[in-house]
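1. Dropping a prediction and its sequence here:
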Amino acid sequence: MSNKPILVALDFDDKNAALQLVDKLDPNMCRLKVGKEMFTLFGPQLVKDIHSRGFDLFLDLKFHDIPNTVAKAVSSAAELGVWMTNIHASGGLAMMEAAKKALVPYGDDAPLLIAVTVLTSMSDEDLKLIGIDVPAFEHVQRLAKLTQKAGLDGVVCSAHEAEILKASLGDSFKLVTPGIRPVGADKGDQHRIMTPPQAIAAGSDYLVIGRPITKAADPLAALTAIHQSIQVS
Ligand SMILES: O=C(O)c1cc(=O)[nH]c(=O)n1[C@@H]1O[C@H](COP(=O)(O)O)[C@@H](O)[C@H]1O
């Protein structure tokens, strides 16, 4: 596990509300994630606003397009100085290799580049409807292996697949796991979920956690409780 494994997902349509929440959180205890909703609304200025508050940022735009377009998008993310960014593994090997190559000029300043395997909101039944007739954990393994072949730093997967991926792909290949729910928290639209201590025990390096922290009456208390729960696991 990383020394700062909690990535708080900021999914807001109101920038002031988001920054008010950020101001309550502690950059020593978590990193932040901005996704499609906020980046579409508020753009690169939001990234600057978050960086100026001392937080590392995961720019979660899940690029999926032809190799040339994704390569350019990923280098644009690097220009913003973000700590991590992502693409879809189902975009294929050539797309992932092009994205990785685009980061070479940034050297040690390049963001970590990871690939989304199967979204944690998807069940085996959902996969069948899009023509994938194998269980999610099998499809995740296939895409994760391809991601490693392309030279990326890791994958986004559910914590249910973490143990098997760590065993097959090695310790340095990072596992970023959303679908994290403390005991008793509302599942919402997530399907393949685990609690924070279970996810860490399974081998997750980073836990993406949104609503259980951002919608809590006291977000810092929620973050602190999760932080403590994984220190003792
Ligand atoms: O790439 C992601 O971060 C992601 C991948 C995935 O498979 N599932 C998933 O939930 N996410 C993101 O993780 C966050 C989860 O938020 P909560 O469900 O509120 O904890 C959201 O911002 C999602 O966009």
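-> Okay, I see it.

2. Identify the residues contacting residue 131.
-> With contacts defined as CB atoms under 8 Å, 6 or more residues apart in numbering, residue 131 is in contact with no residue. (C-beta placed from N, C-alpha, C; glycine too.)

3. mind checking the SS state of it?
-> Following DSSP: H, G, I helix; E, B strand; the rest coil, residue 131 is assigned to coil.

4. need the residues of this structure near the ligand, please.
-> Residues of the chain lying near the ligand by CB under 6 Å from any ligand atom: 9, 11, 35, 60, 62, 86, 116, 119-121, 156, 178-179, 188, 190, 208-211.

5. Which ones among those lie within strands?
-> Using DSSP state E, the subset of the residues of the chain next to the ligand located in strands is 9, 60, 62, 86, 116, 156, 208-209.

6. Restricted to buried residues, select the residues you listed in ChimeraX.
-> Typed into ChimeraX, the line below selects the buried ones among these, using 16 or more other CB atoms under 10 Å:
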select :9,60,62,86,116,156,208,209
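
7. Tabulate the ones in strands among the residues of the chain next to the ligand (TSV), appending distance to residue 95 and pLDDT.
-> As requested, these are exported to TSV (distance: CB to CB, whole Å; pLDDT from 0 to 100):
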residue	distance to residue 95	pLDDT
9	24	98
60	17	98
62	12	98
86	12	98
116	12	98
156	16	97
208	22	97
209	28	97
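
8. Residue of this structure nearest the ligand, please.
-> Residue nearest to the ligand within the chain: residue 210 (2.5 Å; CB to the nearest ligand atom).

9. For the closest residue to that residue other than its chain neighbours, give the beta-bridge partners.
-> Leaving aside its chain neighbours, residue 210 sits nearest to residue 9 (3.3 Å; criterion: CB to CB, 6 or more residues apart in numbering). Beta-bridge pairing for residue 9 (DSSP bridges): residue 33.

10. Residue 207 is in contact with residue 9, correct?
-> No - using CB atoms under 8 Å, residue 9 makes no contact with residue 207, being 10.2 Å away.

11. any common contacting residues for these two?
-> residue 178.

12. mind listing what residue 176 touches?
-> Listed by CB under 8 Å, 6+ apart, the contact partners of residue 176 are 7, 84, 86, 114, 154-157, 204-206, 208.

13. Please, where are all the strands along the protein?
-> Taking DSSP E as the criterion, the chain carries its strands at 6-10, 31-34, 57-63, 84-88, 112-116, 154-156, 174-177, 206-209.

14. May I have the last one as PDB, with CA atoms only?
-> To tie it back to what came earlier, the one meant is strand 206-209. Output in PDB follows, covering the C-alpha atoms of strand 206-209 (Å, rounded to 0.1, in the frame of the first residue of the first chain):
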ATOM      1  CA  TYR A 206      -4.900   3.300  -3.600                       C
ATOM      2  CA  LEU A 207      -8.600   3.500  -2.500                       C
ATOM      3  CA  VAL A 208     -10.800   5.800  -4.500                       C
ATOM      4  CA  ILE A 209     -13.600   7.000  -2.100                       C
END
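
15. Okay, now the unreliable bits of this structure?
-> Scanning the chain for pLDDT under 70 picks out the ranges 1-2, 232-233.

16. so where's the longest helix in it?
-> The helix that spans the most residues within the chain, counting by DSSP state H, is helix 36-51.

17. Now do it and strand 6-10, the angle between them.
-> For helix 36-51 against strand 6-10, the angle by axes from the mean of the first three to the mean of the last three CA atoms, to 10 degrees is 120 degrees.
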